[in-house]
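Novice: this is a predicted model, with the sequence first.
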Amino acid sequence: MFSNHRKTIGVFLNRARSEFQNLLCKGVITEAEKKGYNVAIFSAFGNYGENEKYYEGEKQLYQLPDYENLDGVILALDTMEEMETRRVILENVQRRCHCPVISVREAVEGCNNLLVDNKASTEEITRHFLEEHGLTRLCFMTGPEDRWDAIERLDGFRKTMEEYQLPVEEHQIFYGDFWTNMGKQACDWFLNDQPMPQAILCANDYMAVAVASELIHRGIRIPEEICVSGYDGLDDALKFTPSITTMMLPFYEMGSRAVDIIDEKQDCPGRIEDYYYKAEVVTRESCGCMQEDNSEIVKMRRDEHEKIKVEDHLRMQFNFMSIWLGDCHTINEISDQLVTYVGNIDGFRNYCVAFSENLKDREDYSDYSDTMELRIHIDNGGSRGHINIPFDKKELLPAEVTDESPQIWYFVPLHFQNKTFGYEALRFWTPEVTGNLFLDWNVIVSNKVQDCLVHHHIQKLVVELENMYDRDALTGLYNRRGLETYGGQIFREAKEKQATVFLAIIDLDGMKQINDNHGHVEGDFALKTVCAAIRESCTGDSIHVRSGGDEFVVVAEGVEEQTGLSWMKDLEDYLERFNESGQKNYAIHASYGYVCRVPQEEDTMEIYVKESDEVMYKNKIENKKRRNEPLR
């Protein structure tokens, strides 16, 4: 994998740019580089908007890795809300992997599990409010009822309240969503009971921020009237005003430890163990006992201000990128535009796009092809130009863009709804700036690829429609409309350049007799035989036309009479060889007439056709006499 013969660790998660995922990956990357491992991080964006077709395209990423050749696997399954995604990954890992597998934050049977002692951690923060603040009316906002981590955190709260002989009534527990959507409902529930709670403990930071925001909206002061706490130690809790007391989890250390375990168990992947981490209480403004030194908050809020400016700039740049891509109709044109904007991804080192083989002509877009094609490679801001490098999908990237150093790459699916095109691959300079994967960017590029495929399909249909109007169905030659369009163009250009025009009329002799005596199928065969003779004999830039039932036209610019006459002789020789072969019990002959001169101002193509036709008719009479055929 990566063509450098190093061992490779596969990391599977959604939304790599989110805080937990980002810290976990930084820990993985730092330790993996020290130990000389490659790291392939497979990160989709999930089922945003609950669009099932889009989700089908997203989860296809997890069919990409060559699981058999991974030397270690790290799973962050709790970043994936869709059970189908988890099923796909676990099925592949359990069936195809022969290496140490680490599950982070979620216990998975058959894996080494890096877990948080949720119960003990929740007990600790509950005691903080009970002992340090002397509060007794505590409420708890947990996660979904069927989530194991929500259950464990709620158990820790209940156990501690029971230990202090404090009752837990109905309105002291609310089941949330582990997200920011239910702050209002939670406050309605908690504040519906009397007396008002003294503190609301939340099972994660997102819900804590939502609750605190709703309390402030209702005019309730934090922490003077109600204290609030969260869990996980995310930046969102620190950036909020007031900053939220939380339980800090060592996500970076968990990533680093996962690599250590993989390295330790290379020779014994079947030895399974569970490892537990305990969260640490971090007191802040929302509980009222924050340390006097608030430099961490000041720095965080300053960084957040800068981040908002960067996000605004990115949003504007992505809008401009979308506008410029609007004029692109090919992958090469997309590449030319992306090189201008990829520099906005902070810290990127390489940006690649690999497409399934023969993408524009594929009929099945449900999966990646075994052979992929690298079509875009931007290296530190500079493009390698228009490339098409085929490589084995199992290698993830061609050898031309990798080297012998540990390879650290993020892989993101590129698709439109459930149509799988390929994937993006990004490499960053250092772990500190890693993981900037943007849904906006990904969607813009994916949609533009779809536009290009639609444009290609439309162009094919246009050509097919033109052929229907301009081509003869039986022979594939131009029809009379094609003669008017393309023959007329040749005639006009020759007039401007004062170049010769060679125009020949060729007529199948005895067409009626062949139809009457042998049937129309044989008549069609005779027509196609003359067509084949014309194609082989009249070469160069000439155009070939079936202008009527048994009549053909050849038109060419810049052809001298000697060359044109040679074409006609070659045509006669072709038919003579066919007749001598004895394939049919009838002979195929043709008569011709031609004009070859520089057109004058009064000349038209119709005049050339008329003159050639008159010559052809005279030759036809002479040929019939020579072959002793009836003149009628």
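Specialist: Yep, that arrived. Residues are numbered from 1 along each chain as shown.
Novice: so where do the strands sit in the stretch 101-250 of the chain?
Specialist: For the stretch 101-250 of the chain, the strands defined by DSSP state E, counting those that start in this stretch occupy 101-104, 112-116, 138-142, 173-175, 199-202, 227-229, 246-248.
Novice: quick one: closest of those strands to Asp451.
Specialist: For Asp451, the closest of the strands of the stretch 101-250 of the chain is strand 101-104, at 38.5 Å, according to C-beta to C-beta. No exception for glycine: its C-beta is placed from N, CA and C like everyone else's.
Novice: tell me which other helices or strands that closest one touches.
Specialist: Helices and strands touching strand 101-104, by 3 or more C-beta pairs under 8 Å, 6 or more residues apart in numbering; DSSP states H and E, are strand 72-75, strand 112-116, helix 251-264.
Novice: reformat those as CSV; add mean neighbour count, mean pLDDT and distance to Asn204.
Specialist: CSV is the format used below for those (neighbours: other C-beta atoms under 10 Å; pLDDT from 0 to 100; distance: least, C-beta to C-beta, whole Å):
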stretch, mean neighbour count, mean pLDDT, distance to Asn204
strand 72-75, 27, 98, 20
strand 112-116, 22, 95, 11
helix 251-264, 21, 96, 13
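Novice: kindly reformat the ones you listed as JSON lines containing distance to Lys394.
Specialist: Converted to JSON lines, those look like this (distance: least, C-beta to C-beta, whole Å):
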{"stretch": "strand 72-75", "distance to Lys394": "16"}
{"stretch": "strand 112-116", "distance to Lys394": "25"}
{"stretch": "helix 251-264", "distance to Lys394": "20"}
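Novice: nearest to Glu522, of those?
Specialist: strand 72-75 (68.5 Å).
Novice: and the helices and strands packed on strand 101-104: which comes nearest Val545?
Specialist: Using C-beta to C-beta, the helices and strands packed on strand 101-104 put strand 72-75 closest to Val545, at 64.9 Å.
Novice: what is the closest one packed up against?
Specialist: Taking 3+ C-beta pairs under 8 Å, 6+ apart as contact, the helices and strands that strand 72-75 lies on are strand 8-14, helix 83-96, strand 101-104, helix 251-264.
Novice: can I get the CA coordinates of that strand in PDB?
Specialist: Output of strand 72-75 as PDB, limited to C-alpha atoms (Å, rounded to 0.1, in the frame of the first residue of the first chain):
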ATOM      1  CA  GLY A  72      -3.600  -1.900  11.900                       C
ATOM      2  CA  VAL A  73      -7.100  -0.500  12.100                       C
ATOM      3  CA  ILE A  74      -8.500   2.400  14.300                       C
ATOM      4  CA  LEU A  75     -12.300   2.800  14.500                       C
END
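Novice: what's the closest of the helices and strands packed on strand 101-104 to Tyr608?
Specialist: strand 72-75 (75.0 Å).
Novice: ok, that closest one: who's next to it in the sheet?
Specialist: Here strand 72-75 has these sheet partners by DSSP bridges: strand 8-14 (parallel), strand 101-104 (parallel).
Novice: show residues contacting it.
Specialist: Contacts of strand 72-75 from elsewhere in the structure, counted by C-beta atoms under 8 Å, 6 or more residues apart in numbering, are 7-13, 24, 28, 37, 67, 89-90, 93, 97, 99-104, 106, 108, 111, 255, 258-259, 262-263, 266.
Novice: just the buried subset of the residues you listed, please.
Specialist: Using 16 or more other C-beta atoms under 10 Å as the burial test, the contacts of strand 72-75 include 7-13, 24, 28, 37, 67, 89-90, 93, 97, 99-104, 106, 108, 111, 255, 258-259, 262-263 as buried.
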